[in-house]
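Enquirer: Using only what follows, build the 3D model:
(one chain, ligands or ions: 1)
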Amino acid sequence: MSHAANGILWLNGQFGDFQTSRVALEDRGFQFGDGIYEVARTYNGVPFMLREHIARLFRSAAGIDLTLTMSGDELTVIARDLLIRFSSDDAEIYFQITRGAAPRNLLYADEMQPTVIVGVRPPRYVPPELRETGCHVITVPDERWARCDLKTICLLPNALAKGRAHRAGAFDALMIRDKLLTEGTASNVFLWLNEKLITPVADNRILHGITRGVVLKIAREIGYSIVERDINREELYAAQEVFLTSTSLELMPVVIIDDKTVGTGAAGDAHRDLHTAFRSFAQKH
Ligand code: PDD
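Expert: Got it, this is the predicted structure:
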């Protein structure tokens, strides 16, 4: 595969690709994980919920005291330019902004020049059979910091949880903090329990997923009874259906949690109904 087929990017004004573009050794993203990111995607070549992703990028920036030097419109223009150059209907759009480079010191200057990356690449691979059969997850302690609503590049706890899941033969891990379910390593989580669609509250404990928001809006329109509240482990195990939501997964059914079967052990009707509605919303947005 050529470099361009693996994706193309814009890094502080220069076009390049993911293999050969370079940032400085003393970039605070590399030194401290001092940065934020976003992952969006296209349907039929058109960016999906891009305004919402850019708005969240700005909320994440404000949350880490990072002043962006570019506007949302400027970032959007670059993303659209990259999409034209990439010329594929299916693409993932990636934004990453770090505080920039400076001699290593926790204290940062106010007037730093952020490192800005906008990238476009093929969408993340999701095994198609998992969409049909549903996936297996394990639960792990949520060892992240207290601002999980900010989409920062400090993803070490998420990566360790994902690794643990992989070694256990599972697709992903669901995280539990203070005995309550938070989210997946890169996804939000929904339960179908006693005729209600239940998902954790969007506070500082989880990322306010764009897909989560779309699913809630669609479910409300269809007439589902929706509850955003704390969920404990017993309820998670008792749910008739569980599914994950994210930009790359859309809605992914979960059929085994910690060796316990969810509901009938197959993807359920609520998932199917909502995924169908989500797909048609995404296709014609
Ligand atoms: N992850 N929770 C976490 C911790 C996430 O990292 C993500 C997204 C989500 C779902 O958010 P959204 O629906 O806006 O994609 C929830 C992206 C896809 C990633 O890290 O690749």
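Enquirer: Contacts only, for H136.
Expert: H136 sits next to 169-171, 254-257 when contact means CB atoms under 8 Å, 6 or more residues apart in numbering. Bear in mind the C-beta positions are built from the backbone N, C-alpha and C, glycine included.
Enquirer: any chance of these in TSV, with pLDDT and distance to W145 too?
Expert: Formatted as TSV, the contacts of H136 follow (pLDDT from 0 to 100; distance: CB to CB, whole Å):
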residue	pLDDT	distance to W145
G169	98	29
A170	98	24
F171	98	25
V254	98	25
V255	98	31
I256	98	29
I257	98	25
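Enquirer: Of the residues you listed, grab the buried ones for ChimeraX.
Expert: Under the burial definition 16 or more other CB atoms under 10 Å, those of those that qualify are selected in ChimeraX by:
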select :170,171,254,255,256,257
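Enquirer: Show me the strands in the stretch 1-150 of the chain, by range?
Expert: With DSSP state E, counting those that start in this stretch as the criterion, the stretch 1-150 of the chain has strands at 8-11, 14-17, 35-43, 46-48, 92-98, 115-121, 135-141.
Enquirer: now swap in the stretch 151-285 of the chain and tell me
Expert: For the stretch 151-285 of the chain, the strands defined by DSSP E, counting those that start in this stretch occupy 172-177, 180-184, 188-193, 196-199, 226-228, 241-246, 250-257, 260-261.
Enquirer: packing partners for the helix or strand bottoming out on mean pLDDT in the chain?
Expert: Least confident helix or strand, the chain: helix 128-133 with a mean of 93, by mean pLDDT, DSSP states H and E. Contacts defined by 3 or more CB pairs under 8 Å, 6 or more residues apart in numbering; DSSP states H and E place helix 128-133 against strand 250-257.
Enquirer: residues near the residue in the stretch 1-150 of the chain positioned nearest to the ligand, how many?
Expert: Here the stretch 1-150 of the chain gets closest to the ligand at one residue, V39, 4.1 Å apart by CB to the nearest ligand atom. V39 has 19 neighbouring residues, counting by other CB atoms under 10 Å.
Enquirer: likewise the one 4 residues further on?
Expert: Look at Y43: counted by other CB under 10 Å, it has 17 neighbours.
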